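Engineer: no sequence for this one, just the structure:
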């Protein structure tokens, strides 16, 4: 199979461009907002924490040869957040769905619009049979996005946090959608 690489994706309002080193300042700024990071760290991330996060995302969780990775989203040229259809190095049949939006982009349906686009992109990837996602149980907005695009709650677990986040005791929740369920949902 030839090198697919990541390509630009479009939805009704979003233009998603593959993440590049030039975008690091955007994600550092995004993660510096404590409200954005409330269910991830419980506080703003330092620039060093964000850069370390993206080193992992762009290496272990990106597979350009299969077209899986991370995208920066813009609406009318303005950065609104990022979305992913990421790779699992140990299981090519799974893709991780993720997103993180600037506060000003919340409540406009952009998370759902981008997540739907990346869900479909993941299933267009040969070999991907399941799309998975996770969030904190108390993150009702993110859970609603996952449910709107057809993912179903499949697991709940409580983990130990180095720096406990409000609501940690209710656990994290896992969601998934199989290729068959996606085909039923979309008529594909």
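Structural biologist: Looks like it came in fine. None of the values given here were measured: they were computed from a predicted structure. Numbers count the residues shown, from 1 in each chain.
Engineer: Could you check how far the longest strand anywhere in the chain is from the centre of its chain?
Structural biologist: Assignment by DSSP state E gives strand 78-87 as the longest strand of the chain. Taking CA atoms, centre = their mean, to the nearest Å, one finds strand 78-87 lying 6 Å from the centre of the chain it belongs to.
Engineer: do the same with stretch 158-175
Structural biologist: For stretch 158-175 - counting by CA atoms, centre = their mean - the centre lies 18 Å from the chain centre.
Engineer: Apart from its chain neighbours, what residue comes closest to the residue nearest the centre of the chain?
Structural biologist: Among the residues of the chain, the one closest to the centroid is residue 98, at 1.1 Å (CA atoms, centre = their mean). Nearest residue to residue 98 in three dimensions, chain neighbours excluded: residue 84, at 4.3 Å (CB to CB, 6 or more residues apart in numbering). Where you see a C-beta, it was placed from the backbone N, CA and C, and this is true even at glycine.
Engineer: can you count the residues close to the one you found?
Structural biologist: The tally of other residues near residue 84 (other CB atoms under 10 Å) stands at 26.
Engineer: what is it paired to in the beta sheet?
Structural biologist: Partner residues in beta bridges with residue 84, using DSSP bridges, are residue 70, residue 98.
Engineer: mind listing what residue 71 touches?
Structural biologist: When contacts are counted by CB atoms under 8 Å, 6 or more residues apart in numbering, residue 71 touches 6, 9, 16-19, 82-84, 118.
Engineer: Recalculate using a threshold of 6 Å.
Structural biologist: Under the criterion of CB atoms under 6 Å, 6 or more residues apart in numbering, the contact list for residue 71 reads 16, 18, 83.
Engineer: how much space between residue 65 and residue 127?
Structural biologist: Counting by CB to CB, to the nearest Å, the separation of residue 65 from residue 127 is 12 Å.
Engineer: before we move on, the earlier item: tell me the buried residues in the longest strand of the chain?
Structural biologist: 79-87 (16 or more other CB atoms under 10 Å).
Engineer: and what of stretch 143-153?
Structural biologist: Under the neighbour-count criterion of 16+ other CB under 10 Å, stretch 143-153 has 143, 145-146, 149-151 buried.
Engineer: Same check on stretch 45-62?
Structural biologist: 45, 50, 53-54, 57-58, 61-62.
Engineer: Show me the shaky parts of the protein.
Structural biologist: 1-4 (pLDDT under 70).
Engineer: Secondary structure element for residue 183, which one?
Structural biologist: Under the criterion DSSP states H and E, the helix or strand holding residue 183 is helix 179-186.
Engineer: where does that helix sit relative to the chain's centre, distance-wise?
Structural biologist: On the basis of CA atoms, centre = their mean, the separation between the geometric centre of helix 179-186 and that of its chain is 20 Å.
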